[in-house]
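> Sequence and predicted structure are below.
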Amino acid sequence: MNNLISIQRLILTIVFILKIGFPTILSGADLVKKTDEKKPNVVLIFVDDMGYGDLGTYGSDIPTPNLDQMAKEGVKFTNFYVAQAVCSASRAALLTGTYSNRLGIHGALDHTAKHGLNPEETTIAEMLKPLGYQTGMYGKWHLGHHPEFLPTNQGFDEYYGIPYSNDMWPNHPQSKNYYPPLPLYQNDKVVDTIFSDQSLLTTMFTEKAVDFIQRNKEHPFFLYLAHPMPHVPLFVSDKFKGKSPKGLYGDVIMEIDWSVGEVMKALKENGLEENTLVIFLSDNGPWLSYSGHSGSAGALKEGKGTSWDGGVKVPAIMKWKGRIFAPLIQENPAMSIDILPTIAQITGADLPKLPIDGKSILSMMRDANASSEKDAYFIYYNRNELQAVVMGDWKLYFPHQYRSIAPDQDFRNDGNPIDYHMIQLKEMELYHIPTDPSETKNVLSKNPEIVIKMKELAEKARQDMGDALQNREGQNNRVPGKVN
């Protein structure tokens, strides 16, 4: 079967080359040279709490034609991980190419936080600025709301959005009036406040993104569109209300898909399709306690806030017309820390001066048989606990406590959560992900050599970044930015 698939891919490759020429087999350096006269644009679309099973191309019955088409015209990753299954930590890792625990960014920062992403760290936007890139960010930031931590002090020319999650406002059922009204920023100034109605957020940030594309079509640009949805509380505009077979949650997913379509249309209408890499990701898996207002992890185990695949494995689709093989399904593991070095490779940008953890995955975007340069990926959570290691086809868990939906609870669809309970994983567990994506068959005892190798890699990570499960301090951790 594998030989048949390889022959089919070879035939498709030959047809593709005959049709459009040779860009799909160029090296990274050649891609940079080919686009040197006008550097490639990068669009990074990052959504909040979307589950692995929420898109049609990943098995959902929610209509998502634009993202499904993007997968057909690009590469779909089936084993793409985030560094932590929670908002701020995941965003820090994405934008810096560095494990968030190394940066000192944990959990989800709110309006009481006295810290944020250290300005000494280099974001994707800051990396691209020396090359003449225009940089814009629209949507949810969540890496510190104090002025020194805002996007305009982290490499972005423009920012329009909210500083933290959309549930951090007084009328959310679980907030108990603890949070102030949700501020809406333009650059470094609050220009409005949002109370109970967020129904136009997705539309508003999409329109800002499209306008940014139109205004900067003559210049290389980096666009970061970070939708607050489908994080609860859920809101959708009238144009998608009641349109989905999955209720309000499905409506919200359909509107996000529409947003992706609007961005793609803007690129095409402005003649930018063949010079723009578009990346679509979620920050973590679904927040399962919200029942009917949460997404689906598909066949994966657990969800947001855990290191099981349902929490840290996300939908990931990337398209660059004429520059990467399409359609392509990439089954080998990669992680959000790899996005920054990949963008550095295709643009010719210098990597950050401070050490990063990711490696370019350009080859994986163009060859289904390619794999990551990383020996392993490390999954941290709950501040600085090393809970799991991903090495190729294998995932090893260390003893730790995690949350799961408590049994014997009724389904609810009113925006209020059901209860979690805590489970103690008492022994190490090993899973072979290709044959057991739901992580139900612990094969630790059958693979002692694999376990030894993964434990060795974990020990190196503990020395490097620490591990609260063993009361270990890392030798190479850095500090977040802090205010008095």
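The structure has been received and is ready for your questions.

> Give me the helices and strands touching the top helix by length along the chain, please.
In the chain, taking DSSP state H as the definition, the longest helix is helix 247-269. Counting contacts by 3 or more C-beta pairs under 8 Å, 6 or more residues apart in numbering; DSSP states H and E, helix 247-269 packs against strand 41-47, helix 65-72, helix 201-215, strand 221-226, strand 276-282. C-beta here means a position set from N, CA and C on the backbone, and glycine is covered the same way.

> switch the cut-off to 7 Å
Helix 247-269 sits against strand 41-47, helix 65-72, helix 201-215, with contacts defined as 3 or more C-beta pairs under 7 Å, 6 or more residues apart in numbering; DSSP states H and E.

> So which residues make contact with the last one?
Just to be clear, that refers to helix 201-215. 136, 138-139, 158, 160-161, 223, 225, 227-229, 235, 237, 255-256, 259, 262-263, 266-267, 270 (C-beta atoms under 7 Å, 6 or more residues apart in numbering).

> make it 6 Å
When contacts are defined by C-beta atoms under 6 Å, 6 or more residues apart in numbering, helix 201-215 is touched by residues 136, 138-139, 160, 223, 225, 227-229, 237, 255, 259, 262-263, 266.

> Of those, which is the nearest to Pro286?
Closest approach to Pro286 among the contacts of helix 201-215 (C-beta to C-beta): Met229, at 12.5 Å.

> For that closest one, grab the count of nearby residues.
Residues lying near Met229 (other C-beta atoms under 10 Å) number 26.

> Secondary structure element holding it?
Counting by DSSP states H and E, there is no helix or strand that carries Met229.

> And Leu182, its phi and psi?
The phi and psi values for Leu182, taken as degrees, to the nearest 10, are phi -70, psi 120.

> quick one: Met254 and Gln401, what's the gap?
Plainly put, Met254 is 37 Å away from Gln401 if you go by C-beta to C-beta, to the nearest Å.

> no, scratch that, I was asking about Gly104
22 Å.

> Those two: which is more packed in?
Using other C-beta under 10 Å, the more surrounded residue of Gly104 and Gln401 is Gly104, with 19 against 13.

> Report the separation between Arg462 and Lys426.
Arg462 is 20 Å from Lys426, by C-beta to C-beta.

> Give me the more crowded residue out of the two.
Set side by side, Arg462 and Lys426 show more neighbours around Arg462, with 18 against 9, by other C-beta under 10 Å.

> helix, strand or coil for that one?
helix (DSSP: H, G, I helix; E, B strand; the rest coil).

> That one contacts Arg472, correct?
Yes. With contact defined as C-beta atoms under 6 Å, Arg462 reaches Arg472; the gap is 4.9 Å.

> any idea which element the closest residue to Thr306 other than its chain neighbours lies in?
With C-beta to C-beta, 6 or more residues apart in numbering as the criterion, Thr306 has its nearest non-adjacent residue at 4.7 Å, and that residue is Tyr402. According to DSSP H and E, Tyr402 maps onto strand 400-405.

> what helices or strands is that strand leaning on?
The elements that strand 400-405 packs onto, with contact taken as 3 or more C-beta pairs under 6 Å, 6 or more residues apart in numbering; DSSP states H and E, are strand 420-425.
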